[in-house]
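> Return atomic coordinates for the entry below.
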Amino acid sequence: MSTGVIIALIVVGIVVVVAAGIFAARTAPRGGRGLRRRFGPEYDREVARHDGDTKAAERELAERVRQHGSLRERPLEPAAHERYLARWAEAQERFVASPSEAVAEADLILADLAKDRGFPDAGSYDEQLAALSVHHGPQVDGYRRVHRAAHARPGRAEESRAGTEELRTAMVDARALFDVLLGTEHRTTGRRHDETRHDETRRDERHDETRLDGARHDGTGHDEAAGRGDDASPDRKHALKGRLSKGN
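Here you go, the predicted model:
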């Protein structure tokens, strides 16, 4: 074997070792501070789940990084992007009439979207959630909450109002992961600001309409619209969908 070939093999070996070292440095956790930075609120959640045992929590989080840190997310095709946007919009529309069905659909949407982006199949929810937490730690709890809500048993009738609010909160929190997986989190921020201003304007307009209606009341102090007391008015539906979109 010539000297040139030997030198070439040595250079290739050095390059391989350096590349492996860089890869390991990127995927391996960097102690408690690195794990906290990577996982965000998920770090504190794991510490609490281990009754304050930081070392035990960090071992589990480090194992997640070891298993899923090298995962590379696949881009979505434009058609798939639009399809997921439409599915989420339909789920939000459905929430007004059936919150539980809307939350169940949101759970399925996130599972399908995560799979399409290259995460483990939702058939193993725990594994999919663990992989998502490694790459989207600050947003992953929204998926956890909507999954729990979708699989929870229906509560008693007197708890329905509180239950509906919990479902709404789960939907709002899940939207954060939906946006980051879809790649729309930055555009959504600006849109939500405009929607907030639009909703404030509508509230002012409704306040003025209420005052005008009050002036038209007859001697009984009730007008025909107030007597109906329609809980599913268009304004209420619009406001509820706006809250789901903004998380307010």
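
> Flag every buried residue along stretch 58-66.
The neighbour-count criterion (16 or more other Cβ atoms under 10 Å) identifies 58, 61-62, 64-65 as the buried residues of stretch 58-66. (Glycine included, C-beta is placed from N, CA and C.)

> swap in stretch 165-179?
166-179.

> Among those, which ones are in strands?
Judged by DSSP state E, strands contain none of these.

> Let me know the closest of those to residue 124.
Within the buried residues of stretch 165-179, distances to residue 124 taken as Cβ to Cβ reach their minimum at residue 177, with 17.6 Å.

> any idea how far the closest one is from residue 59?
With the distance defined as Cβ to Cβ, to the nearest Å, residue 177 ends up 25 Å from residue 59.

> What is the burial count for residue 118?
The criterion is other Cβ atoms under 10 Å. On that basis, residue 118 has 13 neighbouring residues.

> check contacts around it.
Contact criterion Cβ atoms under 8 Å, 6 or more residues apart in numbering gives 71-74 as the residues in contact with residue 118.

> Narrow those to just the buried residues.
residue 71.

> Would you mind giving the contacts of residue 118 as a markdown table with secondary structure and pLDDT added?
Written out in a markdown table, the entries for the contacts of residue 118 read as follows (DSSP: H, G, I helix; E, B strand; the rest coil; pLDDT from 0 to 100):
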| residue | secondary structure | pLDDT |
| --- | --- | --- |
| 71 | coil | 93 |
| 72 | coil | 94 |
| 73 | coil | 95 |
| 74 | coil | 94 |
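
> State the pair within the contacts of residue 118 that is farthest apart.
Within the contacts of residue 118 (distances taken as Cβ to Cβ), the two that end up farthest apart are 71 and 74, at 9.8 Å.

> Could you report the neighbour count for residue 152?
Burial of residue 152 is recorded as 14 neighbouring residues (other Cβ under 10 Å).

> Phi, psi for it please.
Backbone torsions of residue 152, given as degrees, to the nearest 10, read phi -80, psi 150.

> what pLDDT does it get?
Among the per-residue scores, residue 152 shows a pLDDT of 83.

> measure it to residue 2 for me?
Relative to residue 2, residue 152 is positioned 71 Å away (Cβ to Cβ).

> Output stretch 166-184 as CSV, restricted to C-alpha atoms.
Once non-C-alpha atoms are left out, stretch 166-184 reads as follows in CSV (Å, rounded to 0.1, in the frame of the first residue of the first chain):
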residue,chain,number,x,y,z
GLU,A,166,-61.4,23.0,30.0
LEU,A,167,-62.0,21.7,26.5
ARG,A,168,-61.6,25.1,25.1
THR,A,169,-58.3,25.6,27.0
ALA,A,170,-57.1,22.3,25.7
MET,A,171,-57.9,23.3,22.1
VAL,A,172,-56.2,26.7,22.5
ASP,A,173,-53.0,25.0,24.0
ALA,A,174,-53.0,22.4,21.3
ARG,A,175,-53.1,25.1,18.6
ALA,A,176,-49.5,26.1,19.6
LEU,A,177,-48.1,22.7,18.6
PHE,A,178,-50.3,22.7,15.5
ASP,A,179,-48.9,26.0,14.4
VAL,A,180,-45.2,25.0,15.0
LEU,A,181,-45.6,21.7,13.2
LEU,A,182,-47.4,23.4,10.3
GLY,A,183,-44.8,26.2,10.2
THR,A,184,-47.4,29.0,10.7
